[in-house]
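Novice: What follows is a protein structure lacking sequence information:
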C-alpha cells in the first residue's frame, strides 16, 4: 500500500505553547504516542472532529499515527493541534489518552483531578505510582479490563471519553455506565482494583461503594 503521508502534509514541531482559551473550550483532551509505534489509535479522525465540534480541544503528540499512515497534518485538518512533547500535553489536558501504560514519570506530572485512559499492568504498578494518583485525586481507566477487539477500541474509548468529559456528575455517570464500572481502577485517587492494590501494597476500595456514597 502506498504511503498516504506526503512531504507537503507534514508539520514542523510545535515551537511555542498552544494558548487554549478556557472560555472557548469545554475541555481539553491530550493523546500521547506509545513506544510501540503500531499501538492502536485511541480515537478516530471522525471522533476527533465531533469532539472539536463540541468545543473540546484535542492535542496530539507529534508522529502519533505515522505507522498507521495518518499524518500530523491530517489530524489538524480534523481540528486537532500538534505538540512535540508529552509533558506539555499533560499539563494542558483535562483528560489524557495513551494506549500503553503511563510511565512513573508521566504519572508524576499529572495534574490534580485529571482523568487518564490507557492500558494498565498490575505487575509494574508501584506504591509510588499509587501514591501519586492518590495525592492528585486522579480518575484512571484501564481499557484492557474490557477485553476489547481491536476494531472496538476507538468507539469504546470515544464513549468513555464522552461520558467523562461531558458529565456534570462523574459518580452518577459511572453508576449508569457499565464500561466505566468495569474499567476504572482509580477513582478520585483511591485504587479500586483489587489486583492493582495488592500489587502496589495499598488499600483497596470498592468503586461501587465510592460512587454510591451520597454523603
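Specialist: Okay, I see it. Note that the coordinates shown come from a computational prediction; the quantities given were computed from them, not determined experimentally.

Novice: Scan this protein for its longest helix.
Specialist: Counting residues, the longest helix in the chain under DSSP state H turns out to be helix 153-166.

Novice: residues touching residue 159, list them.
Specialist: Residues in contact with residue 159 (C-beta atoms under 8 Å, 6 or more residues apart in numbering) are 177, 179. In this view, the C-beta of every residue, glycine as well, is placed from N, C-alpha and C.

Novice: which helices and strands does the helix or strand where residue 181 lies pack with?
Specialist: Applying DSSP states H and E as the criterion places residue 181 in helix 178-183. If contacts are counted by 3 or more C-beta pairs under 8 Å, 6 or more residues apart in numbering; DSSP states H and E, helix 178-183 sits against strand 139-142, helix 153-166, helix 170-176.

Novice: If you count neighbours, what's buried in that helix?
Specialist: Residues of helix 178-183 classed as buried: 179-180, 183 (neighbour count, 16 or more other C-beta atoms under 10 Å).

Novice: quick revisit: would you mark the buried spots in the longest helix of the chain?
Specialist: 153-154, 156-158, 160-165.

Novice: same question, stretch 187-206
Specialist: 187-193, 196-197, 199-200, 202, 205.

Novice: Okay, and which of those residues map to strands?
Specialist: 187, 190-191 (DSSP state E).

Novice: picking up where we left off before, with pLDDT and distance to residue 83 as added columns, please give the buried residues of helix 178-183 in a markdown table.
Specialist: What follows is the buried residues of helix 178-183, written out as a markdown table (pLDDT from 0 to 100; distance: C-beta to C-beta, whole Å):
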| residue | pLDDT | distance to residue 83 |
| --- | --- | --- |
| 179 | 95 | 28 |
| 180 | 96 | 28 |
| 183 | 97 | 27 |
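
Novice: Now tabulate those in a markdown table and tack on distance to residue 36.
Specialist: Shown next, in a markdown table, are the buried residues of helix 178-183 (distance: C-beta to C-beta, whole Å):
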| residue | distance to residue 36 |
| --- | --- |
| 179 | 24 |
| 180 | 26 |
| 183 | 20 |
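
Novice: The residue lying closest to residue 148 once chain neighbours are set aside: what's it in contact with?
Specialist: Of all residues not flanking residue 148 in the chain, residue 156 sits nearest, at 5.7 Å (C-beta to C-beta, 6 or more residues apart in numbering). The contact partners of residue 156, taken as C-beta under 8 Å, 6+ apart, are 143, 146, 148, 179.

Novice: redo that, cut-off 10 Å
Specialist: Residue 156 sits next to 42, 143, 146, 148-149, 179, 183 when contact means C-beta atoms under 10 Å, 6 or more residues apart in numbering.

Novice: Next: residue 106.
Specialist: 32, 86-87, 89-90, 96, 98, 116, 118, 129, 132.

Novice: and it, backbone torsions?
Specialist: Dihedral angles of residue 106 (phi, psi; degrees, to the nearest 10) stand at phi -60, psi -40.
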